[in-house]
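A structural model of the following input is requested.
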Amino acid sequence: MSQESAETTVRVRPPELAPGAVIAQSLDNQWVTAELTREMVAGGRSLGEVGGAREKEVRAEYFRSLINTRQVVANRVFFYNNAAVSRDLVEGGAARRAHQKLLAQAALVPYLLNERDPAERPSTGLDFDERAFTAWQETLEGMPAGERVKCVRFSWEDQENRDATRSALFNAFAARVQGLTAKDIPLLAAQVGVPQRRHAAFAARIGEVVRLSNERSIRGDLVTRNVLYEEFVTVPGTPVSEGRYDRTKPFAGEIKQLLDLIYNVNLADALGMYPLTPAGSLRRVALQEWRDIRTTPAGTVTDPEQLLLFLQRQAFSTVQDRLALTPAAVDALALEDIWSLRQSDPWNAYIRAFDELTADPASFHERVGPVFDRYVRLNSEIVRLAGARGDSRARANKWLPVIEVVVTVGGAAFTAVTGDETWSVAGSLGGVSAKYGGSVQLVLRNRLEGRREQKFAREMAAVRFDGAREWERFHDMVRKLPGYREEGGSPAATGSATVQDELPEY
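Numbering: from 1, shown residues only. This is a model prediction of the structure:
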């Protein structure tokens, strides 16, 4: 590392990241919504051929992650291989400067796999955008004196880092893939959208994925997402980065969803942070991890009465402004708007309120109201900032903001929506597993939802019941809630032994 690079880089390990830091799945250069994945498989279209629609979705999710969290950690390669991020670097000027400020503030933190310098050129043979990478290097080199970029690795001692990366990333990824056949396969199939008549065929295909992974592990070869993509997802002879998914390969789209979820959850767990799953993507609950469920920073809910509190109607101490505005398309904002927002009093008040809520989910009734109030004020501040710059792209919509709480237990999902003069609670059953675990997710959004509006969704707590008695008591209490309605059918879950000097890209 050059002396100049050493002076502009702050080296940290995962425990030194901000509390509540997230991995944003939308920045993964293979990410597309489940709906768009199905369209791409059916139509034979590549990532480049859906680039316009996809980039808008990714840009919106990128901005939402910066609006709704203190710190976003991203694989270094995504800064120059994801056009929704790199466009600000390539554009230069105020957009690049805003990106530099976010790096200096550690709102954006590059994760380095093998590299010691964030500007280090990728290894020979790796596919990357040369123009965007040059812009990334220029962005780092152009950081003003006194500003430093925080970068995270498992360890800054190289051999220790290689060992930790192999154990925490590659081996853990293989273990999660190899555990798929131990899941409740009919439930897993339903959650990725496979019709019941094809569950047996899906189970057989998952068995093939697990078999290949096992064979590679036995030989001492690393199991990577790219290897599995090449065998089960992408068109033969095309680079994985092209993102051309093969409709002749059984369940290519569904397997892609699972591999992407495992990939991103695995990195988040290895770094000790939240995976931020974007709207329209397979959620972590699909992995059925409740046998060895991890305790989130918010803790684990084990009491049915406490879990019921999340679904009860919320009472707010403030009267919401019916004429409140929200940006119609958050991706139409400029990165400068996002930077300015993060310096504002409304943003800081919103983040503090959410921190207090997640620190004590048992006080949900008392703390969710202030979060909601500050969320509404935050959206008005976004509109004000964009208007002050005279940005006609960031037009505003009137809206009806609501709180949505999604509780999953086994294969069942319960949703409660609360807003001004609005309340409903519903359950979707049919695939209730004997493993009574799940999660509580908080969603803040517009009831008249626009696809790319500012919204927030994040897991608040894990759920784990000891057995059928707790589940039955919880289900019985939910059914007694006023206006409760229930439907059948499983809900979709869409809210090595060898020593290598250099590990491949994760």
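
What segments of the stretch 151-300 of the chain are helices?
158-165, 172-178, 185-191, 199-219, 225-232, 252-271 (DSSP state H, counting those that start in this stretch).

Residue 378 is nearest to which of the ones you listed?
Closest approach to residue 378 among the helices of the stretch 151-300 of the chain is made by helix 252-271 (24.5 Å; CB to CB). In this view, the C-beta of every residue, glycine as well, is placed from N, C-alpha and C.

Could you export the closest one as PDB, keeping only the C-alpha atoms?
Extracted in PDB, the C-alpha atoms of helix 252-271 (Å, rounded to 0.1, in the frame of the first residue of the first chain):
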ATOM      1  CA  ALA A 252     -33.200 -21.800 -12.700                       C
ATOM      2  CA  GLY A 253     -35.000 -18.700 -11.300                       C
ATOM      3  CA  GLU A 254     -36.000 -20.300  -8.000                       C
ATOM      4  CA  ILE A 255     -32.400 -21.600  -7.400                       C
ATOM      5  CA  LYS A 256     -31.000 -18.200  -8.300                       C
ATOM      6  CA  GLN A 257     -33.200 -16.600  -5.600                       C
ATOM      7  CA  LEU A 258     -32.000 -19.100  -3.000                       C
ATOM      8  CA  LEU A 259     -28.300 -18.800  -3.900                       C
ATOM      9  CA  ASP A 260     -28.500 -15.000  -3.800                       C
ATOM     10  CA  LEU A 261     -30.200 -15.000  -0.500                       C
ATOM     11  CA  ILE A 262     -27.700 -17.400   1.000                       C
ATOM     12  CA  TYR A 263     -24.800 -15.400  -0.500                       C
ATOM     13  CA  ASN A 264     -25.900 -12.100   1.100                       C
ATOM     14  CA  VAL A 265     -27.100 -13.500   4.400                       C
ATOM     15  CA  ASN A 266     -23.900 -15.400   4.700                       C
ATOM     16  CA  LEU A 267     -21.800 -12.200   4.300                       C
ATOM     17  CA  ALA A 268     -23.900 -10.300   6.700                       C
ATOM     18  CA  ASP A 269     -23.600 -13.000   9.400                       C
ATOM     19  CA  ALA A 270     -19.900 -13.300   8.800                       C
ATOM     20  CA  LEU A 271     -19.500  -9.600   9.400                       C
END
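
Can you name every helix or strand that it contacts?
strand 22-24, helix 34-43, helix 172-178, helix 199-219, helix 225-232, strand 274-276 (3 or more CB pairs under 8 Å, 6 or more residues apart in numbering; DSSP states H and E).

Report the buried residues of that helix.
Neighbour counts using 16 or more other CB atoms under 10 Å place 252-271 of helix 252-271 among the buried residues.

Make sure residue 32 is actually in contact with residue 47.
Yes: counting by CB atoms under 8 Å, residue 32 touches residue 47, with 7.2 Å between them.

between those two, who's got more neighbours?
Remark: of residue 32 and residue 47, residue 32 carries more neighbours, 27 against 19, as counted by other CB atoms under 10 Å.

In a markdown table, list the helices of the stretch 151-300 of the chain along with distance to residue 332 and mean pLDDT.
A markdown table is the format used below for the helices of the stretch 151-300 of the chain (distance: least, CB to CB, whole Å; pLDDT from 0 to 100):
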| stretch | distance to residue 332 | mean pLDDT |
| --- | --- | --- |
| helix 158-165 | 38 | 95 |
| helix 172-178 | 36 | 95 |
| helix 185-191 | 33 | 87 |
| helix 199-219 | 39 | 96 |
| helix 225-232 | 32 | 96 |
| helix 252-271 | 26 | 93 |
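
Among those helices, which comes closest to residue 60?
helix 252-271 (17.6 Å).

Could you quantify the relative orientation of that closest one and helix 158-165 as an angle?
Orientation check (axes from the mean of the first three to the mean of the last three CA atoms, to 10 degrees): helix 252-271 against helix 158-165 gives 130 degrees.

Okay, now the unreliable bits of this structure?
Residues of the chain that meet the criterion pLDDT under 70 lie in 1-7, 125, 290-299, 314-329, 331, 389-399, 420-422, 430-436, 447-454, 488-506.

can you point me to the longest helix in it?
helix 364-388 (DSSP state H).

Now do the buried residues in that helix.
364, 367-383, 385-386.

What helices and strands are in contact with the one helix or strand residue 469 maps to?
Residue 469 is located in helix 468-479, with elements delineated by DSSP states H and E. For helix 468-479, the packing partners by 3+ CB pairs under 8 Å, 6+ apart come out as helix 304-309, strand 422-428.

Any idea which of the ones you listed gets closest to residue 210?
Nearest of the helices and strands packed on helix 468-479 (CB to CB): strand 422-428, 28.2 Å.

mind listing what that closest one pairs with, with the direction of each?
Looking at strand 422-428 with DSSP bridges, its partner strands are strand 412-419 (antiparallel), strand 485-487 (parallel).

Pick the most buried one from those strands.
strand 412-419 (a mean of 22; mean count of other CB atoms under 10 Å).

Can you give the distance from it to the centre of its chain?
Relative to its parent chain, strand 412-419 has a centroid offset of 21 Å by CA atoms, centre = their mean, to the nearest Å.

Report the angle between that strand and helix 364-388.
Using the same axes, to 10 degrees: strand 412-419 against helix 364-388 is 60 degrees.

Specify the angle between strand 412-419 and helix 468-479 in degrees.
Using the same axes, to 10 degrees: strand 412-419 against helix 468-479 is 30 degrees.

okay, strand 412-419 in PDB with CA atoms only?
In PDB, the C-alpha atoms belonging to strand 412-419 read as follows (Å, rounded to 0.1, in the frame of the first residue of the first chain):
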ATOM      1  CA  ALA A 412     -47.300 -19.000   8.600                       C
ATOM      2  CA  ALA A 413     -47.300 -15.200   8.100                       C
ATOM      3  CA  PHE A 414     -49.400 -12.600   9.900                       C
ATOM      4  CA  THR A 415     -49.600  -9.000   8.700                       C
ATOM      5  CA  ALA A 416     -51.000  -6.100  10.600                       C
ATOM      6  CA  VAL A 417     -51.300  -2.600   9.000                       C
ATOM      7  CA  THR A 418     -51.900   0.500  11.100                       C
ATOM      8  CA  GLY A 419     -52.400   4.000   9.900                       C
END
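
what about the residue nearest to residue 260 when sequence neighbours are not counted, which SS state?
Nearest residue to residue 260, sequence neighbours excluded (CB to CB, 6 or more residues apart in numbering): residue 30, at 6.1 Å. Following DSSP: H, G, I helix; E, B strand; the rest coil, residue 30 is assigned to coil.

isn't residue 30 right next to residue 264, touching?
No: counting by CB under 8 Å, residue 264 is not a contact partner of residue 30; they are 9.8 Å apart.

Looks like residue 40 contacts residue 33 (just checking).
No: using CB under 8 Å, residue 40 is not in contact with residue 33; the gap is 10.2 Å.

who does the helix or strand encompassing residue 73 pair up with?
Secondary structure assignment for residue 73, by DSSP H and E: strand 72-75. In the sheet, strand 72-75 lines up against strand 22-24 (parallel), strand 108-111 (parallel) (DSSP bridges).

Please save the CA atoms from that strand in PDB.
Only the C-alpha atoms of strand 72-75 are listed here, as PDB (Å, rounded to 0.1, in the frame of the first residue of the first chain):
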ATOM      1  CA  VAL A  72     -24.000   0.400   4.600                       C
ATOM      2  CA  VAL A  73     -21.200  -2.100   4.000                       C
ATOM      3  CA  ALA A  74     -20.700  -3.300   0.400                       C
ATOM      4  CA  ASN A  75     -18.300  -5.600  -1.300                       C
END
